[in-house]
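K.L.:
After the sequence you'll find the predicted model.
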Amino acid sequence: MSEGQKAIVWFNEVTKRDIPLVGGKGANLGEMTKANIPVPPGFIVTADAYYDFLERSKIADKIRELLEPLDVNDNKQLQQVATKVKQIILNATMPPELAKEIQEAYIKMGKGLVAVRSSATAEDLPTASFAGQQSTFLNVQGEEEVVAAVQGCWASLFRPRAIFYRHQQGFNHFRVGIAVPVQKMVQSQASGVLFTLEPVTSDASKI
């Protein structure tokens, strides 16, 4: 990675100004942590780490070649391309020093169960809602398992609906990065998600 770039940051190190680095979810986790709201602790594998992975594994051109001729309105073709891109990302080798840094951060958290979450850098924009389109892996335990889940989150940036939605909204697939919060697992009695912007039509009058 370039000098000055960070692969790992902790929740208490980030604010809403860091969305390009940690995505919308990551930034909000940082804001809540700084506000002393009881948030399960964790760290974030930054978007810089994701872009570094793409560059060093030399897979960006392969992905681009699949996406450029894609007709997103052809559902069969969309599913096939998304599957191929996912396999390209999952089969690529993560830089060893990054994998080690993720494992060390996980060990520092106590090696318990964690949630490995996705935080796209284009989440929760005024005119578009990308949240919820990428994968989350729950009850993950073990250093190698956490590393694999991080790579799984990266691959989920190219799920069929994520590809389709970015195309609809006019976003370059490689201008949208993804960070990965790794957070201590909490066994909740209830949970949910609220979209404050209708995700298909971008209608702000509907939730």
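P.N.:
Everything's here; your move.

K.L.:
For the protein, give me the ranges with low pLDDT.
P.N.:
123-132 (pLDDT under 70).

K.L.:
which residues of it fall in helices?
P.N.:
19-34, 47-57, 60-67, 75-91, 96-108, 143-156, 160-169 (DSSP state H).

K.L.:
Please identify the most buried of those.
P.N.:
Most buried of the helices of the chain by mean neighbour count (mean count of other C-beta atoms under 10 Å) is helix 19-34; its value is a mean of 23. Where you see a C-beta, it was placed from the backbone N, CA and C, and this is true even at glycine.

K.L.:
what does that helix rub up against?
P.N.:
6, 9, 11-18, 39, 41-42, 44, 46-48, 117-124, 130-131, 177-179, 181, 183 (C-beta atoms under 8 Å, 6 or more residues apart in numbering).

K.L.:
rewinding a little: nearest to residue 200, out of the helices of the chain?
P.N.:
Nearest to residue 200, of all these, is helix 160-169, at 8.4 Å by C-beta to C-beta.

K.L.:
Who are the packing partners of that closest one?
P.N.:
helix 75-91 (3 or more C-beta pairs under 8 Å, 6 or more residues apart in numbering; DSSP states H and E).

K.L.:
In the protein, which residue is most central in space?
P.N.:
residue 118 (3.1 Å; C-alpha atoms, centre = their mean).

K.L.:
Residue 68 versus that residue, what's the distance?
P.N.:
24 Å (C-beta to C-beta, to the nearest Å).

K.L.:
Pull the contacting residues for the residue nearest to residue 78 when sequence neighbours are not counted.
P.N.:
Spatial nearest neighbour of residue 78, excluding adjacent residues (C-beta to C-beta, 6 or more residues apart in numbering): residue 160 at 5.0 Å. Contact analysis of residue 160 by C-beta under 8 Å, 6+ apart lists 75, 78-79, 82.
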